[in-house]
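K.L.:
Pasted the sequence and its predicted model underneath.
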Amino acid sequence: MSDQAQRLTDFLQRVPYVRFLGMRAELAGDEMTAILPYAPHLVGNVLLPALHGGVLGAFLEMTALAQLSVFQPSERVHKTIDVTIEYLRPGRSVTTYARADLRKVGRRIANVHVEAWQEQRDRPVAALRGHFMLSKDPAA
Amino acid sequence: MTDDPGLASEYAEHMIREVPQAAALGIELVSLGPSRGAMRVPWREDLVGDPDTGVIAGGVVTTVLDHVCGLSVRSLSGDPFPTATLDLRIDYMRPAAPRSDVIAEAHCYKLTRTIAFVRATAYDTDPDDPIATAQAAFVLHEGMGS
């Protein structure tokens, strides 16, 4: 397993809330795709049914943190400063995917954009823009 | 506007007990008033976001903020259908205290025929020392396009 893959596995296994969501992620070279399989406890609207908006926001945020854990390694979890979540379509009861784009990584702060989709990559269900405080790795 | 507080309270019960994600998080209703609402998420091991500190995950705060914003809109609009979130901005002031519950309070301060504007804060012990603040816009059911 590459160092990046190991760091991703460590992040996903270490954070209890990632397991609560049932979130996974895969690395293809330097590209990470986060995967949120549909589960009944993620539903926020039983009539449609649709995933809870908070769950989609949380999945986008965890995708940003996972991407940072792979490419900005630190022994500690990076901290979210602010996020803006845009809801584009209802999240239906199928698997959701997300990819994060590290737009700018500074010495202390990273700007990250994340987009989530379901069956069609070009029909996103939600997007996030956020700033994250980078934790310093004491070993670095 | 909702004239019948019983209906709003019935809807609040629905949001707590029958919305699967709210039930999974163990969200509790704290208070409900015209244009306002408050909810609590009890701390739980499986909701932790930082295993080094035991602090509840930001995603949990996001979800309870979104949920309580929806409640505050419903308490004002009387719209019998769930609202859809257009956008949600959250600023994280500080981490919650380790192993602490999170309480979120929302105020729907403006309602038009189609859009509701909401501000919310989340805190652990002191409402004047928030862990996060939020600003959200919701589209009411009748304003929903496809």
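P.N.:
Arrived safely. Remember, it's a predicted structure, so these values are computed and weren't measured experimentally.
K.L.:
how many other residues sit next to A:Val114?
P.N.:
26 (other Cβ atoms under 10 Å in any protein chain shown). Where you see a C-beta, it was placed from the backbone N, CA and C, and this is true even at glycine.
K.L.:
Oops, could you answer that again for B:Gly37 instead?
P.N.:
30.
K.L.:
part of a helix, is it?
P.N.:
No. B:Gly37 sits outside any helix when classified using DSSP: H, G, I helix; E, B strand; the rest coil, being strand.
K.L.:
Show the pLDDT at it.
P.N.:
B:Gly37 carries a pLDDT value of 95.
K.L.:
dump the residue contacts of the nearest residue to it once chain neighbours are set aside.
P.N.:
Once flanking residues are discounted, B:Gly37 sits nearest to B:Leu71: 3.8 Å by Cβ to Cβ, 6 or more residues apart in numbering or on different chains. Residues near B:Leu71 by Cβ atoms under 8 Å, 6 or more residues apart in numbering or on different chains: B:Tyr11, B:Ala12, B:Met15, B:Leu32, B:Gly37, B:Met39, B:Ala106.
K.L.:
what residue ranges in chain A score low on pLDDT?
P.N.:
Judged by pLDDT under 70, chain A has its weakly predicted residues at A:1, A:137-140.
K.L.:
Go through the contacts of B:Leu71 and give me the one with the most neighbours.
P.N.:
That'd be B:Gly37 among the contacts of B:Leu71, by other Cβ under 10 Å, with 30 neighbours.
K.L.:
was I right about that one contacting B:Glu28?
P.N.:
No. Using Cβ atoms under 8 Å, B:Gly37 is not in contact with B:Glu28, being 11.9 Å away.
K.L.:
Output the longest helix belonging to chain B.
P.N.:
helix B:58-77 (DSSP state H).
K.L.:
dump the residue contacts of the nearest residue to A:Tyr17 once chain neighbours are set aside.
P.N.:
What sits nearest to A:Tyr17 in space, not counting adjacent residues and going by Cβ to Cβ, 6+ apart, is B:Ala57, at 3.6 Å. By Cβ under 8 Å, 6+ apart, the contact set of B:Ala57 is A:Val15, A:Pro16, A:Tyr17, A:Phe20, A:Ala58, B:Leu47, B:Val48, B:Gly49, B:Asp50.
K.L.:
thinking again about what came up before, partner strands of the following helix or strand past the longest helix of chain B and their direction?
P.N.:
Downstream of helix B:58-77, the first helix or strand assigned by DSSP states H and E is strand B:84-92. Counting by DSSP bridges, the strands paired with strand B:84-92 are strand A:79-87 (antiparallel), strand B:132-139 (antiparallel).
K.L.:
Let me have those in TSV, adding distance to B:Thr121 and mean neighbour count as columns.
P.N.:
Shown next, in TSV, are these (distance: least, Cβ to Cβ, whole Å; neighbours: other Cβ atoms under 10 Å in any protein chain shown):
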stretch	distance to B:Thr121	mean neighbour count
strand A:79-87	14	21
strand B:132-139	5	22
